[in-house]
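Colleague: the following block contains a protein sequence and its predicted model.
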Amino acid sequence: MRTFTNVKDIGDLKVALAEAQEIKQNRYKYETLGHHKTCLLIFFNNSLRTRLSTQKAARNLGMDVIVLDINQGAWKLETERGVVMDGDKSEHLLEAIPVMANYCDVIGVRSFARFESREDDYTEKILNQFIKYSGKPVFSMEAATGHPLQAFADLITIEEYKRKDRPKVVLTWAPHPKALPQAVPNSFADWMNEADVDFVITHPHGYELDPKFVRGAKVEYDQKKAFEGADFIYAKNWACPGVTTPEDYGKVLCKDMSWTVDTEHMSWTNNAYFLHCLPVRRNMIVTDDVIEAPTSLVIPEAANREISATVVLRRLLESL
Ligand code: AN0
Ligand code: CP
């Protein structure tokens, strides 16, 4: 595996899940694989889980790790070609990428959607420049349209907790005060569509996700109907994806608090487990009671980020 940006990169999910369990039994099983190899983690945006779990994963494999918060301490970067750089940006991404690549063997990039141009975000303009100009294996740590390390950890968690062979998994939109990217719901849909689950997406009108990720999944606009019989509820806010109304791309169209996942919502389900990628705003996305209930899996889900990252880094190391 030379890049990790979507579900196709990981191949057969059953094989990947078996590898995840193998790593979970002994996370140091491949501790010599990364000897004298350096993993560079580049953050254009904030992170708690990805920052820590990916470093831990790299160390599980014996790698050295460099973490760079590129907006703090490095030169301010221009990302557009052709710009006369007479402003506050001192360095161009087109030099910075090959320079950084000199010092490492594998590169992780976190670069959120900027909501300036749907096309730039949905063509993954920043991540693809790293893939093109670094000459190194590149993996997404949440880019403009996907967060595959999260979706892989989510699938591992569902596999561990499912009570039937083919559980019903519901992705529900929930309210949030600020515009958030579609990366998490996009990747969750990308993975659930390939997994052995009955997958349903529910959101208010106008929040339709990109068809590239929704594919054949069922979309149910009535949240209560969607929740009926659910075994897992996956809550997430996202801003308008601009599929039906391109002019609304990145806007907050709805703040309807009746979408907040509370105990009444959970009573419509088949005693479902609750999932969220975190960070979560309590009593916007989910109530205190639901996130603190024994059926809340948010902490084991976050713990599985170390496992998904270890599997992915192992595959990337094997490509060197
Ligand atoms: C980010 C998002 O919604 O994409 C990161 C989630 C893992 N969340 C926030 O910015 C709050
Ligand atoms: N879930 C997740 O990616 O969290 P961070 O943004 O804290 O890394």
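Modeller: Okay, I see it. Ligands and ions are numbered 1, 2, ... in the order given.
Colleague: for the most centrally placed residue in the chain, give its distance to ligand 2.
Modeller: The centroid of the chain falls nearest to His147 when counting by CA atoms, centre = their mean (2.1 Å). Distance from His147 to ligand 2, counting by CB to the nearest ligand atom, to the nearest Å: 6 Å. To be clear about C-beta, it is placed using only N, CA and C from the backbone, and glycine gets the same treatment.
Colleague: same question for Glu80.
Modeller: From Glu80 across to ligand 2, the span is 26 Å (CB to the nearest ligand atom).
Colleague: with Tyr122 instead?
Modeller: Distance of Tyr122 to ligand 2, given as CB to the nearest ligand atom: 20 Å.
Colleague: number of residues surrounding that residue?
Modeller: A total of 18 residues lie near Tyr122 under the criterion other CB atoms under 10 Å.
Colleague: pLDDT score for the closest residue to it other than its chain neighbours?
Modeller: Nearest non-adjacent residue to Tyr122, counting by CB to CB, 6 or more residues apart in numbering: Thr145, 5.7 Å away. Listed pLDDT for Thr145 reads 98.
Colleague: using the three-state scheme, assign Thr145.
Modeller: coil (DSSP: H, G, I helix; E, B strand; the rest coil).
Colleague: state the phi and psi torsions of it.
Modeller: With angles defined as degrees, to the nearest 10, Thr145 sits at phi -120, psi 0.
Colleague: any idea how far Phe115 is from it?
Modeller: 12 Å (CB to CB, to the nearest Å).
Colleague: what number of residues lie near the residue nearest to Tyr122?
Modeller: Under the neighbour criterion other CB under 10 Å, Thr145 is assigned a count of 26.
Colleague: for Thr50, same thing?
Modeller: Counted with other CB under 10 Å, residues neighbouring Thr50 total 23.
Colleague: make sure I have this right: it is in a helix.
Modeller: Yes. Thr50 forms part of a helix when assessed by three-state DSSP.
Colleague: hmm, Arg305 and it touching each other?
Modeller: Yes. Using CB atoms under 8 Å, Thr50 makes contact with Arg305 at a distance of 7.0 Å.
Colleague: touching both of these two, which residues are there?
Modeller: The overlap between the contact sets of Thr50 and Arg305 (CB atoms under 8 Å, 6 or more residues apart in numbering) consists of Leu149.
Colleague: can you pull the contacts of the residue of the stretch 201-320 of the chain found nearest ligand 1?
Modeller: For the stretch 201-320 of the chain, the nearest residue to ligand 1 under the criterion CB to the nearest ligand atom is Cys277, separated by 4.7 Å. Counting by CB under 8 Å, 6+ apart, Cys277 touches 49, 147, 150, 154, 184, 236, 301.
Colleague: within the helices and strands, which one has it?
Modeller: Taking DSSP states H and E as the definition, Cys277 sits outside all helices and strands.
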